[in-house]
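[1] build me a model:
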Amino acid sequence: MRRTPALVAIVAFVGLVAASAAAGYEPGGAHAAQPSTLAGKVWVLTSLVGKPPLRATELTSEFTTGGKISGSAGCNQYSGSYTVAGSSFRISSPLASTRKACTRAVELQETGFLKALASARSYSVSGGKLTLKSASGKSLLTFKAQSQQLAGTSWTVSAYNNGKQGFESVLAGTKLTAVFGKDGNLSGFGGCNNYSGPYKATAPKVTIGPLASTMMHCGEPAGVSDQEARYLAALQTAATYRVEGTRLELRTAAGALAAELKRK
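    So this is what the prediction gives:
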């Protein structure tokens, strides 16, 4: 078959696209950021329009490969959708948030944070740092990637799965703890007894147990021994985990919360 100049040009173009794809080239520039560098991490805010976040507040963003964004705005949780193309970024649906009462200063920061997210038009990721910029290229938000390392961390328990399709807060007057040793040993206090046992964690997967504990009997406060038994059982159902700021979530293989903990 005789090839016309137009057909030759088309064949050459297709060959160029194939070669570029094999070399990792993406339309939009060789230096365009890839969605995989944005998704799959928990990002903790370090700067909002050039200023650090208020003390005792943690603002986070987490992006899924399916185009969903969620996180903490410092007081309330928010969620929505986003799109990326090369290095361009856009929140593609209005952000929804919970409606907890906050101090005035925290409310103003939260409003500014969500407005900045909605105004972002491009992003870059470099060295564990995420920057979202306006259409004019001004830096609106900077984040650092949250470490998902469990080894060497210590936590206090906020709530746990009671094994009866319920999620219970820790009894008033009791303190439950979890210390993930660098030697692969988990230890802590269950409210009455000390406990320990092996664990393995490679984010986002975790296995815990079997756990053993001392055998003291505690009658006060009422229900403390039952709480301990339920808490230790919940720990051993954990299959995945996620660290977000000062918070640790342990979830079962079915995705149910096993325990929620806060960093000491």
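[2] domain ranges for the chain?
    35-145, 153-263 (automatic domain parsing).
[3] need these in a markdown table with mean neighbour count and mean pLDDT, can you?
    For glycine as for every other residue, the C-beta is placed from the backbone atoms N, C-alpha and C. Rendered in a markdown table, the data for the domains of the chain read as follows (neighbours: other Cβ atoms under 10 Å; pLDDT from 0 to 100):
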| stretch | mean neighbour count | mean pLDDT |
| --- | --- | --- |
| domain 35-145 | 16 | 94 |
| domain 153-263 | 16 | 95 |
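[4] Arg247 reaches Leu257, doesn't it?
    No - checked against Cβ atoms under 8 Å, the pair Arg247 and Leu257 is beyond contact range at 11.7 Å.
[5] so what touches stretch 101-112?
    Leu48, Val49, Pro53, Leu54, Thr57, Leu59, Ala73, Gly74, Cys75, Asn76, Ser97 (Cβ atoms under 8 Å, 6 or more residues apart in numbering).
[6] any idea how far that stretch is from the middle of the chain?
    Centroid separation for stretch 101-112 versus its chain: 22 Å, with Cα atoms, centre = their mean, to the nearest Å.
[7] repeat that for stretch 150-159.
    Here the centre of stretch 150-159 is set off from its chain's centre by 15 Å, with Cα atoms, centre = their mean.
[8] could you do stretch 129-143 as well?
    The chain centroid and the centroid of stretch 129-143 are separated by 20 Å, computed with Cα atoms, centre = their mean.
[9] identify the residues contacting the strand or helix carrying Trp43?
    In this structure, Trp43 is located in strand 42-48 according to DSSP states H and E. Taking Cβ under 8 Å, 6+ apart as the criterion, the residues outside strand 42-48 that touch it are 52-53, 58-63, 71, 109, 112-113, 116, 129-130, 139-146, 148, 242-245.
[10] tell me the predicted confidence for Val11.
    What the model reports as pLDDT for Val11 is 35.
[11] ok, which stretches of this protein are helices?
    According to DSSP state H, the chain carries its helices in the segments 5-22, 35-38, 104-119, 224-235.
[12] can you check what angle separates the third one from strand 42-48?
    Pointing back at helix 104-119 there. Direction vectors for helix 104-119 and strand 42-48, defined by axes from the mean of the first three to the mean of the last three Cα atoms, to 10 degrees, enclose an angle of 110 degrees.
[13] quick one: distance of helix 104-119 to the chain centre.
    Centroid separation for helix 104-119 versus its chain: 20 Å, with Cα atoms, centre = their mean.
[14] and the last one, by the same measure?
    A distance of 26 Å separates the C-alpha centroid of helix 224-235 from that of its chain, computed with Cα atoms, centre = their mean.
[15] contacts for it?
    Applying Cβ under 8 Å, 6+ apart, the contact partners of helix 224-235 are 157, 160-163, 168, 170-171, 174, 176, 178, 186, 190-193, 195, 208-209, 211, 213, 217-219, 250, 258-259.
[16] kindly format the C-alpha coordinates of it as PDB.
    Presented in PDB, the C-alpha positions along helix 224-235 are these (Å, rounded to 0.1, in the frame of the first residue of the first chain):
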ATOM      1  CA  VAL A 224     -13.400  -1.500  84.200                       C
ATOM      2  CA  SER A 225     -12.600  -5.200  83.900                       C
ATOM      3  CA  ASP A 226     -15.100  -5.700  81.100                       C
ATOM      4  CA  GLN A 227     -13.800  -2.600  79.300                       C
ATOM      5  CA  GLU A 228     -10.300  -4.100  79.400                       C
ATOM      6  CA  ALA A 229     -11.400  -7.400  78.000                       C
ATOM      7  CA  ARG A 230     -13.300  -5.700  75.200                       C
ATOM      8  CA  TYR A 231     -10.400  -3.400  74.400                       C
ATOM      9  CA  LEU A 232      -7.800  -6.100  74.200                       C
ATOM     10  CA  ALA A 233     -10.200  -8.200  72.000                       C
ATOM     11  CA  ALA A 234     -10.700  -5.100  69.700                       C
ATOM     12  CA  LEU A 235      -6.900  -4.600  69.400                       C
END
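[17] what's near enough to touch Lys100?
    Lys100 is in contact with Cys75, Asn76, counting by Cβ under 8 Å, 6+ apart.
[18] thanks again, I'm all set now.
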